[in-house]
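Visitor: Everything below, folded, please.
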Amino acid sequence: MQTYQLYKSFTTSTNAGAQLQIIKAGRILGVQWAVAQGVDSGSGEGFILEVSLVPIFQSTTNDARGVVSVVTSELNMVTSGMAMSGLNLFFPVDVPVGAGQLLYLNYLTVGTPPNATRATCLIQVR
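Guide: All right, here's what the predicted structure looks like:
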């Protein structure tokens, strides 16, 4: 089993914010997300993150064929101030990958962009 890590701190929507190359052909068996988001306004602030085989954000597109895993979060405050939102989730998947294939971390802001979103994604390949 090989574990790969994608990491990026985002402030705006970004395609291919981070990428990695698969060393040996196998199957992605799991994706773990550890994400923190800083929020400081009264409007809805959120994000959608995806691990994808394609370097362009696809999670809001019908019939997207390259998405491996997606997480989303939104936090709406009714007053001014600062709040933190976070998640730590594991998702089992079964996706074949070839040696040399690239995986991408794509990010889309929802509503007012958050101050910052820090995303760590661990990908297990066997």
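Visitor: element containing the residue most central in space within the chain?
Guide: The chain has Leu49 as the residue nearest its centroid, 3.0 Å off, counting by Cα atoms, centre = their mean. Here Leu49, judged by DSSP states H and E, is contained in strand 45-52.
Visitor: Next one: the residue nearest to the centre of the chain from Ala99, what distance?
Guide: Applying Cβ to Cβ, to the nearest Å, the value for Leu49 to Ala99 is 25 Å. Every residue, glycine included, has its C-beta placed from N, CA and C.
Visitor: any chance you could map the strands in the chain?
Guide: For the chain, the strands defined by DSSP state E cover 2-10, 14-21, 26-39, 45-52, 67-75, 83-97, 102-111, 116-125.
Visitor: Distance from the chain centre to the longest one, please.
Guide: Which is strand 83-97. 8 Å (Cα atoms, centre = their mean, to the nearest Å).
Visitor: can you pull the contacts of Ala34?
Guide: Neighbour list for Ala34: 86-88, 119-122 [criterion: Cβ atoms under 8 Å, 6 or more residues apart in numbering].
Visitor: hmm, 10 Å instead?
Guide: 7, 86-90, 118-122 (Cβ atoms under 10 Å, 6 or more residues apart in numbering).
Visitor: Filter these down to the buried ones, ChimeraX style.
Guide: Command for ChimeraX that selects the buried part of the contacts of Ala34, burial taken from 16 or more other Cβ atoms under 10 Å:
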select :119,120,121
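Visitor: Turn the contacts of Ala34 into CSV, columns for pLDDT and distance to Ala64.
Guide: Shown next, in CSV, are the contacts of Ala34 (pLDDT from 0 to 100; distance: Cβ to Cβ, whole Å):
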residue, pLDDT, distance to Ala64
Tyr7, 95, 23
Gly86, 81, 26
Leu87, 88, 22
Asn88, 93, 25
Leu89, 94, 20
Phe90, 96, 22
Arg118, 88, 25
Ala119, 92, 19
Thr120, 93, 23
Cys121, 94, 18
Leu122, 95, 22
